[in-house]
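1. Structure for this input, please:
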Amino acid sequence: MIPMNALICFFGVDGSGKSTLSSYLYEELKRREMDVSYTWWFEGDNTWLRRFLRKFVKNVQTTSDSPGSKNATLNENLEMSESNKYLVKIFKNTFPWLVFVDYFKFTILNLTIPMKFKSKKVMIFDRFYLDTVFAIYKEFNLSKNTFFKVIGIYKRLIGTPDIIFIIHVKPETALSRKKDEIKTLDNAKRVSKDYKYLYSLLEKIYPDNVINIDGNSDLKTAKSQILEHTLNLLGD
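-> Prediction:
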């Protein structure tokens, strides 16, 4: 029997196969006529506020005396804008919290409310909130105190997921699958190092809910393991 609700999240680096595996699970449960939804966590990037913020950043960069290269980080580009120094300072201090607040709203509307009021529903999330929090923490050099404070807010909003599938892959595997995005093996190794920290953090926050999956193969075995764990959870 399906519990009152079930939250299943997939976590891993780009190229780990999490989108392929989460989509597979969604289709399998749908085929079994379960009430299931699928959400890509970064859908929250397309809200009107995020579009406005990106447009604002673009305007700041184009009016700067030294806008920097197109590959520079947002933080670096903002620092280059001497003509807008005061405005940039305010924006740099408020931007992370504007994004966090927007994602809090996204979380409440797309996860907290459905999980509270929709019974016997299975919700699958491709990615998890740690992707967002860690990216902003790194981009703006936020304090560890802020990092963990935001994590605490998310934990209260979400509760405890029933399963968090962590999809592990070697940097070489990730690069082979997402070469256009990752570019180099050094980049893949750098991201892999960051995510190892996030994996350990997830296991500390949700010690009974993390399931580690090897995603280095052709994913057939991974699909079988994920479906088995999920059906065991759902009592099917």
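2. use CA for all of it now, contacts and neighbours both
-> Fine.
3. can you give me the offset of stretch 189-197 from its chain's centre?
-> Taking CA atoms, centre = their mean, to the nearest Å, one finds stretch 189-197 lying 14 Å from the centre of the chain it belongs to.
4. Report the buried residues of that stretch.
-> 189, 191, 192, 195 (16 or more other CA atoms under 10 Å).
5. quick one: low-confidence ranges for the protein?
-> Counting by pLDDT under 70, the chain shows low-confidence ranges at 1-4, 44-47, 49-50, 53-92.
6. And the helices in it?
-> For the chain, applying DSSP state H gives helices covering 18-31, 48-62, 74-79, 85-107, 113-117, 129-139, 144-158, 171-177, 179-182, 185-205, 220-234.
7. I'd like the ones you listed laid out as a markdown table, including distance to residue 214.
-> Shown next, in a markdown table, are the helices of the chain (distance: least, CA to CA, whole Å):
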| stretch | distance to residue 214 |
| --- | --- |
| helix 18-31 | 11 |
| helix 48-62 | 34 |
| helix 74-79 | 34 |
| helix 85-107 | 28 |
| helix 113-117 | 29 |
| helix 129-139 | 20 |
| helix 144-158 | 26 |
| helix 171-177 | 11 |
| helix 179-182 | 20 |
| helix 185-205 | 13 |
| helix 220-234 | 7 |
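8. Which of the ones you listed sits closest to residue 41?
-> Nearest to residue 41, of all the helices of the chain, is helix 129-139, at 7.4 Å by CA to CA.
9. now the closest one and helix 144-158, what's the angle there?
-> Counting by axes from the mean of the first three to the mean of the last three CA atoms, to 10 degrees, helix 129-139 lies at 160 degrees to helix 144-158.
10. buried residues in helix 129-139?
-> 129, 130, 131, 132, 133, 134, 136, 137.
11. Just the closest of these to residue 149, please.
-> residue 133 (10.2 Å).
12. contacting residues around that closest one?
-> Residues near residue 133 by CA atoms under 8 Å, 6 or more residues apart in numbering: 100, 147, 150, 151.
13. Residue 143 versus that one, what's the distance?
-> Using CA to CA, to the nearest Å, residue 133 is found at 12 Å from residue 143.
14. Indicate which one of the helices of the chain is closest to residue 7.
-> helix 113-117 (8.0 Å).
15. First residue to last residue on stretch 155-165, what's the distance there?
-> Using CA to CA, the end-to-end distance of stretch 155-165 comes to 17 Å.
16. Most neighbours out of the contacts of residue 133, which is it?
-> residue 150 (20 neighbours; other CA atoms under 10 Å).
17. With residue 223 as the reference, measure out to the residue lying closest to that one once chain neighbours are set aside.
-> In space, and not counting its chain neighbours, residue 150 is closest to residue 133: 7.3 Å by CA to CA, 6 or more residues apart in numbering. As for residue 133, its distance to residue 223 is 28 Å (criterion: CA to CA).
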